[in-house]
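A.B. asks: what follows is a protein structure lacking sequence information:
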């Protein structure tokens, strides 16, 4: 458990679209950072350290610290860079929690971003796969097999989706419903990318089939965007705002190589939808947060779901219901903005995916919902406790954070 | 080469990669390039501390303030650091020998507080040498507008 209470006192998001040709990467990230300072009512002089991350392969930017001094207000300040693939933003938020919770720093600015239009996402994924080639050889797998087994992120997702559908009873209609739910929520979020107000499951079902069972309408877009969050001690937070969002816990778990689709190895993790590490991370996070019954104590969830089936799969793996139960919970309407346990009120990763920022934006949405700052997409119920999730690494890492409107007693 | 590779006990695979990046220069650098097209050297000035950045930057690194003031700078500059290059990077990424050595330098324009990386004409230069920008307003590629620097006088 953290030595100090940790709270979120500010969130900043840039505009999220597919191509921001009007700004360079530094200027894009500045939009989120300056909005975050403004939201918290703080200035760079009030910040003791910085944590930052992106997924470098995607836009070929490995040293964003070069312009961090100017565009983040980090001039001559301690700075830590964290990059863990798809979970990058979540890990950066965890970094902020550790930096403040440890008592080493009082106020920390966390920044995560991706400007995918500056690079080449396929190239980015290729470099991830190539970096993995050495590991595959050590596992006895021919790296040349990658190409034929299934390309890119969709290739990773389809095996997981079909396995999940078999074990849970989730149908393609459920996938269509997930997309419709998220894109409608996204339409109410000024910072989302794909806004499709009124989108119906039937319309999603008519989109192009990419690889069974994933259709075009079940997949996230490639987004340019940035997210910034200010973490500080509970004591300072209460002086800054009447309604901080406390971070009760952060926990992560790294699984065995779950590389079905990337290496085709199958490896020891035979079922890509099992996601044991998500269950372990969630259980750890709830325990640290003092949550005994997550199904009844969690008010809102932001699972990381760039593919439709993942919203349901991770809802289960976050221990919010029995395995196989999520599709019927979706059918019940409980996951809607006015439901009992709203899921992805932001619109989720399936609507907006600036990769490095995505897992942080889950934490940011939980904080904003607790602080009551979500405007049109604010959920109906009072949010006391929320769970934010990220999935990534080399598809082996799960990160979970629990936020609350009250510090842990 | 083929025969030698066949004897190599380590299996090797080469995977062709052709990454394409499209970095946006951003609003401030666009003003800089538009200025060069008209033969002008535009720097950005921090309204808080007065520092002038060349090339221009949106945010003053020291103050975290938007540098929204523009100043046209003289074409004269001083060499702050320099070296001699004997190779260059070819389009395919290989290093190739230059026909003649080139001087590359960090130069600080009169009135600017930051340096710009530049190629110097001529065979000799030293720290402190006064130079002048050579602008090719007709250059096709914006990156070639600021062609080089030559010694003053």
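C.D. replies: Perfect, I can see it now. For clarity, every value in this text was computed on a predicted model and none was experimentally measured.
A.B. asks: just name the shakiest helix or strand of chain B by mean pLDDT.
C.D. replies: Using mean pLDDT, DSSP states H and E, the weakest-scoring helix or strand in chain B turns out to be helix B:2-7, at a mean of 56.
A.B. asks: next helix or strand past that one?
C.D. replies: helix B:27-37 (DSSP states H and E).
A.B. asks: show me which positions of the helix or strand that that following helix is followed by end up buried.
C.D. replies: Downstream of helix B:27-37, the next assigned helix or strand under DSSP H and E is strand B:41-45. Neighbour-count burial for strand B:41-45, counted by 16 or more other Cβ atoms under 10 Å in any protein chain shown, picks out B:41-45. Every residue, glycine included, has its C-beta placed from N, CA and C.
A.B. asks: kindly report the residues of chain B close to chain A.
C.D. replies: B:13, B:15, B:17-29, B:57-62, B:64 (Cβ under 8 Å from any Cβ of the partner chain).
A.B. asks: which residue is the nearest non-sequential neighbour of whichever residue of chain B sits closest to chain A?
C.D. replies: Chain B approaches chain A most closely through residue B:26 (3.2 Å), counting by Cβ to the nearest Cβ. Of all residues not flanking residue B:26 in the chain, residue A:24 sits nearest, at 3.2 Å (Cβ to Cβ, 6 or more residues apart in numbering or on different chains).
A.B. asks: residue A:302 too?
C.D. replies: Computed as Cβ to Cβ, 6+ apart, the closest residue to residue A:302 that is not its neighbour in sequence is residue A:362, at 3.9 Å.
A.B. asks: which of the helices or strands spans that neighbour?
C.D. replies: Under the criterion of DSSP H and E, residue A:362 resides in helix A:355-371.
A.B. asks: now do that helix, average pLDDT.
C.D. replies: Helix A:355-371 shows a mean pLDDT of 97.
A.B. asks: does stretch A:100-118 reach chain B?
C.D. replies: Yes - Stretch A:100-118 reaches chain B (Cβ under 8 Å from any Cβ) through A:115, A:117-118.
A.B. asks: which ones are touching the residue nearest to residue B:26?
C.D. replies: B:23-26, B:29 (Cβ atoms under 8 Å, 6 or more residues apart in numbering or on different chains).
A.B. asks: compare the residues you listed and tell me which has the most neighbours.
C.D. replies: residue B:26 (22 neighbours; other Cβ atoms under 10 Å in any protein chain shown).
A.B. asks: what's the distance between that one and residue B:114?
C.D. replies: From residue B:26 over to residue B:114 the distance is 16 Å, taken as Cβ to Cβ, to the nearest Å.
A.B. asks: what of residue A:70?
C.D. replies: For residue A:70 relative to residue B:114 (Cβ to Cβ), the value is 11 Å.
A.B. asks: neighbour count winner among the two?
C.D. replies: residue A:70 (22 against 17).
A.B. asks: in this structure the more buried one contacts residue B:56, no?
C.D. replies: No - Residue A:70 is beyond contact range of residue B:56, at 11.7 Å (criterion: Cβ atoms under 8 Å).
A.B. asks: contact partners for residue 106?
C.D. replies: Just going to use chain A. When contacts are taken as Cβ under 8 Å, 6+ apart, residue A:106 is in contact with A:48, A:100, A:232-233, A:236.
A.B. asks: correction: the question concerned chain B.
C.D. replies: Contacts of residue B:106 (Cβ under 8 Å, 6+ apart): B:79-82, B:115-118.
A.B. asks: residues contacting residue A:365?
C.D. replies: With Cβ under 8 Å, 6+ apart, residue A:365 has these contacts: A:302, A:345-346, A:374, A:388.
A.B. asks: three-state assignment of the residue nearest the centre of chain B?
C.D. replies: The residue lying closest to the centre of chain B (Cα atoms, centre = their mean) is residue B:117, at 4.3 Å. Classification of residue B:117 using DSSP: H, G, I helix; E, B strand; the rest coil returns strand.
A.B. asks: what pairs with the residue nearest to it when sequence neighbours are not counted across the strands?
C.D. replies: Distance criterion Cβ to Cβ, 6+ apart; nearest residue to residue B:117, sequence neighbours excluded, is residue B:106 at 6.1 Å. Using DSSP bridges, the beta-bridge partners of residue B:106 come out as residue B:81, residue B:117.
A.B. asks: quick one: pLDDT of residue B:106?
C.D. replies: On the pLDDT scale, residue B:106 gets 96.
A.B. asks: ok, now residue A:127?
C.D. replies: pLDDT at residue A:127 comes out at 67.
A.B. asks: repeat that for residue A:276.
C.D. replies: On the pLDDT scale, residue A:276 gets 92.
A.B. asks: that one and residue A:254, how far apart?
C.D. replies: According to Cβ to Cβ, residue A:276 and residue A:254 sit 11 Å apart.
A.B. asks: kindly report the same for residue A:287.
C.D. replies: Distance of residue A:287 to residue A:254, computed by Cβ to Cβ: 18 Å.
A.B. asks: now do residue A:96
C.D. replies: Using Cβ to Cβ, residue A:96 is found at 20 Å from residue A:254.
A.B. asks: do the same with residue A:12
C.D. replies: For residue A:12, the distance to residue A:254 - Cβ to Cβ - is 29 Å.
A.B. asks: in the stretch 151-300 of chain A, which residue sits closest to chain B?
C.D. replies: For the stretch 151-300 of chain A, Cβ to the nearest Cβ, closest residue to chain B: residue A:224, 9.3 Å.
A.B. asks: wait, that residue touches residue A:59, no?
C.D. replies: No - in this structure residue A:224 lies outside contact range of residue A:59 using Cβ under 8 Å: 9.0 Å.
A.B. asks: find the residues that touch each one of the two.
C.D. replies: A:114-116, A:118.
A.B. asks: would JSON lines of those residues with secondary structure and neighbour count be doable?
C.D. replies: Formatted as JSON lines, these follow (DSSP: H, G, I helix; E, B strand; the rest coil; neighbours: other Cβ atoms under 10 Å in any protein chain shown):
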{"residue": "A:114", "secondary structure": "strand", "neighbour count": "33"}
{"residue": "A:115", "secondary structure": "strand", "neighbour count": "30"}
{"residue": "A:116", "secondary structure": "helix", "neighbour count": "23"}
{"residue": "A:118", "secondary structure": "helix", "neighbour count": "21"}
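A.B. asks: list just the nearest of those to residue A:207.
C.D. replies: Nearest to residue A:207 among the shared contacts of residue A:224 and residue A:59: residue A:116, at 20.8 Å, using Cβ to Cβ.
A.B. asks: so what's the nearest residue to the closest one once chain neighbours are set aside up against?
C.D. replies: Leaving aside its chain neighbours, residue A:116 sits nearest to residue A:222 (4.3 Å; criterion: Cβ to Cβ, 6+ apart). Residue A:222 makes contact with A:18, A:116-117, A:121, A:353, according to Cβ under 8 Å, 6+ apart.
A.B. asks: what pLDDT, on average, does stretch A:249-269 get?
C.D. replies: 67.
A.B. asks: my bad, stretch B:123-135
C.D. replies: So the average pLDDT for stretch B:123-135 ends up being 93.
A.B. asks: how far away from the center of its chain is that stretch?
C.D. replies: 15 Å (Cα atoms, centre = their mean, to the nearest Å).
A.B. asks: show me what counts as buried in that stretch.
C.D. replies: In stretch B:123-135, counting by 16+ other Cβ under 10 Å, buried: B:125, B:129, B:131-133, B:135.
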